[in-house]
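Here's a sequence, model it:
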Amino acid sequence: MIEPAGFESGPAVTEPGPDENGTDENGGQPLRVSTLELFFDLVFVFAITQLTGILAHHDVTVEDGFRVLLIFGVLWWMYGGYVWLATARTPSQTPERLLMLVGMAGFLIMALAIPEAFGRDGVALGIGYLVVVVVHGWLYQRVNRNIARVVPFNLLAAALVIVAGVVKGPAGYLLWVAALAIPALSPLVIKPHGRFSISPSHFTERHGALVIIVFGESVVDIVIGAEGHPVTVSLILSAVLGLALSAALWWAYFGAADDERAERSLTAADSAVRPGLALAAYFYSYIPLLLGVVAMASGVKQAIEDTGRTLPAGPCWALGCGVALFLAGSAAFRHALRIGVQRYRLGAAVVCVAASAVGVALSVAAEMVLLIVIVAAALILEGSAPEHGAPEHGAADTVEA
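As a prediction, this is how the structure comes out:
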């Protein structure tokens, strides 16, 4: 569960430090991301990339997209809860580390069940989600006992997912929607008190590492798509274009130093408004950003052997809309933290959606080339804009979410 601005942190159980996990001696906040957190993220990202399989087929439907949104929603909510847990204090004691590993097992169960989440494996996914929720609540008891008031909402959501796996059909979808809405709306029922303290350096590093891992998995999808096919000129062209497209998106985030500027903005902001900024930038803005990579990877996976030919509308739209979602998410991220120009990315997002028609009418290779050019042009334009490099406004202009 992610706590918005105003959630009371309560007394933390801390260890004197610093220790090997980067925990400081003045309150237990982690100074850097631990290897256990990176290990945790690898399992979570495997679950996210399983969503690519739902979209990576020629006859992808709107219902498939809706399913991806529902599964991603519950995954992302609880992942955020674990991040906020670790930014309060890195689990460094043996019982906490063991609990984190159990939570990873819960995400792994969910990942294995995702391909048939709305069929035979729906109950299994719900059980995995229940494990994730229970471990999260248990861990938070050691850091922030106020979370106990929110745990019932998360438990109810997990129960609804399990029931949806039994019911299926339209009623199952309604249960899924309720399972996503209940925890997300819980702060409106339980009025927040006090402030939740976060470490800007740890928070930005953790999410930056997540994006890198997601990009890495998108490259793995290229290899999976090419498996069993001869290494021809067409296959090499498709793979290189897929890599170049991922690299263009990497450049839009890391090449533009958005991660570094985001950390400076959070650090400059008053501690009272940091949770609201973090929620807007690293939770809501990351939704289209990560879903964009998933959609783009599904299109590249389908295009890997059909580079010189046209593809059905589904994979072509997945490519164009995936890049557009990423650009829109990165623009929202910048807007939330007031760290850079957004208009060129938003304009490029609109053009990327239109570029999907090129894959249908001409070839998927032409579409990928065009998408790379669009992203590059947007980055060049914003790099030469007068606003580029302007100082962040984290301290003066931030508002509570």
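
Contacts only, for Glu217.
Val45, Phe46, Ile48, Thr49, Ala297 (CB atoms under 8 Å, 6 or more residues apart in numbering). Any C-beta I mention is one placed from the backbone N, CA and C, and that applies to glycine too.

what would those residues look like in JSON lines with distance to Ala178?
What follows is these, written out as JSON lines (distance: CB to CB, whole Å):
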{"residue": "Val45", "distance to Ala178": "27"}
{"residue": "Phe46", "distance to Ala178": "27"}
{"residue": "Ile48", "distance to Ala178": "22"}
{"residue": "Thr49", "distance to Ala178": "26"}
{"residue": "Ala297", "distance to Ala178": "29"}
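
so what's Gly128 closest to, chain neighbours aside?
Once its chain neighbours are removed from consideration, Gly128 has its nearest residue in Ile109; the separation is 3.0 Å (CB to CB, 6 or more residues apart in numbering).

Count the residues that sit near the one you found.
Counted by other CB atoms under 10 Å, the residues lying close to Ile109 total 20.

Ala268 too?
Ala268 has 17 neighbours, counted by other CB under 10 Å.

for the contacts of Glu217, which one is nearest Trp251?
Top of the list for closeness to Trp251, among these and by CB to CB, is Ala297 at 17.0 Å.

Go ahead and flag the most central residue of this protein.
Centre of the chain computed as the mean C-alpha position; nearest residue by CA atoms, centre = their mean is Leu290, 4.4 Å away.

any idea of the mean pLDDT in the helix or strand where that residue lies?
Secondary structure assignment for Leu290, by DSSP states H and E: helix 286-303. In this model, helix 286-303 has an average pLDDT of 92.

quick one: it to chain centroid distance?
The chain centroid and the centroid of helix 286-303 are separated by 11 Å under CA atoms, centre = their mean, to the nearest Å.

by contact count, what packs against that helix?
Contact partners of helix 286-303 among helices and strands, from 3 or more CB pairs under 8 Å, 6 or more residues apart in numbering; DSSP states H and E: helix 35-55, helix 62-88, helix 200-226, helix 233-250, helix 313-337, helix 364-384.

Could you rerun that using 10 Å?
Helices and strands in packing contact with helix 286-303 are listed as helix 35-55, helix 62-88, helix 200-226, helix 233-250, helix 313-337, helix 343-361, helix 364-384; criterion 3 or more CB pairs under 10 Å, 6 or more residues apart in numbering; DSSP states H and E.

Output these in a markdown table, with distance to Val131 appended to each entry.
Listed next are these as a markdown table, based on distance: least, CB to CB, whole Å:
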| stretch | distance to Val131 |
| --- | --- |
| helix 35-55 | 12 |
| helix 62-88 | 10 |
| helix 200-226 | 21 |
| helix 233-250 | 32 |
| helix 313-337 | 29 |
| helix 343-361 | 37 |
| helix 364-384 | 39 |
